[in-house]
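*Asks:* I would like to see how this sequence folds:
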Amino acid sequence: MNAELTISTHVQRPYSTDEHRPARADVTACASGDGSPQTLAFYMRISFPLLIVLALVSAVGCKKYDTLVEKNAVCDEKWANIDAELQRRYDLIPNLVATVKASAHHEEETLTKIAEARASASQIKLSGDDFSDPAKMAAFQKAQSELGGALSRLLVTQEAYPDLKANAQFHDLAVSLEATENRLLRARQEYNAAVKDYNAELAKVSGKVLNKATGKPFKPRVYWTASDEAKTSGAPKVEL
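*Replies:* The predicted structure follows:
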């Protein structure tokens, strides 16, 4: 009778708290970071996939950043071509004005307007954030449009002055000016194409996220749009 009672008590006795302590101790050791092999293995299993994800995200982000930098550099290169043609135009104007002045004595008003338009246009220099400022781009475009219109009117005056029309120096300068205006038109078209490509890349979701994460170093650029007068008249043409 006593033997049966002892066996029954032994079977039905619940596990003591001490019997579970080793298992909880292992978990506590992992959580507390005690430097044991079990702890290191535990953290490696968790951190390794996270490291892979972070590496992939960083690689994609770096590639996108490099793409934006490259496309922005292309825009700068195309604008440098515009600057070169504008400078060539500025250099031609004084000689052209002097030649016309020697033969067309009654065109003082036209020549004065050209000199003023040249001075105004050459003073406006764009760089950096100016290309993302609509107001500054508008001022630049207005000045260039006024200068182009004044040059077109100057070339028309040759019809009223046979001596000027027959002047070889005027002919050479006018031809050089027309070639410069045509190159300037192509350079402007190439710049606008580069801006379109850059702005499209920046407008993508990945571009927006990267730009925001890096402090917004990239800004959309403004196109160089032709004025109504330029669209109608186009580049100055020489008809000799």
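
*Asks:* is it true that T157 touches H105?
*Replies:* No. T157 is beyond contact range of H105, at 11.3 Å (criterion: Cβ atoms under 8 Å). Just so you know, the C-beta spots here come from the backbone N, C-alpha and C atoms, and that holds for glycine as well.

*Asks:* more neighbours, those two?
*Replies:* Set T157 next to H105 and count neighbours by other Cβ atoms under 10 Å: T157 wins out with 17 against 9.

*Asks:* circling back: now do the shared contacts for T157 and H105.
*Replies:* Common neighbours of T157 and H105 (criterion: Cβ atoms under 8 Å, 6 or more residues apart in numbering): none identified.

*Asks:* let me see the ranges of the helices in the protein.
*Replies:* Assigned by DSSP state H, the helices in the chain fall at 2-12, 21-32, 37-103, 108-123, 134-156, 162-165, 168-203, 205-213, 228-233.

*Asks:* quick check: the closest residue in space to Y191 that isn't next to it in sequence vs E190, distance?
*Replies:* Leaving out its chain neighbours, the residue that sits closest to Y191 by Cβ to Cβ, 6 or more residues apart in numbering is K78, at 4.0 Å. For K78, the distance to E190 equals 5 Å [Cβ to Cβ, to the nearest Å].

*Asks:* repeat that for R221.
*Replies:* From R221 to E190 the distance is 13 Å (Cβ to Cβ).

*Asks:* more neighbours: which of those two?
*Replies:* Counted by other Cβ under 10 Å, R221 and E190 do not tie: R221 has more neighbours, with 24 against 17.

*Asks:* ok, that one touching V195?
*Replies:* Yes. With contacts counted by Cβ under 8 Å, R221 reaches V195, the gap being 4.5 Å.
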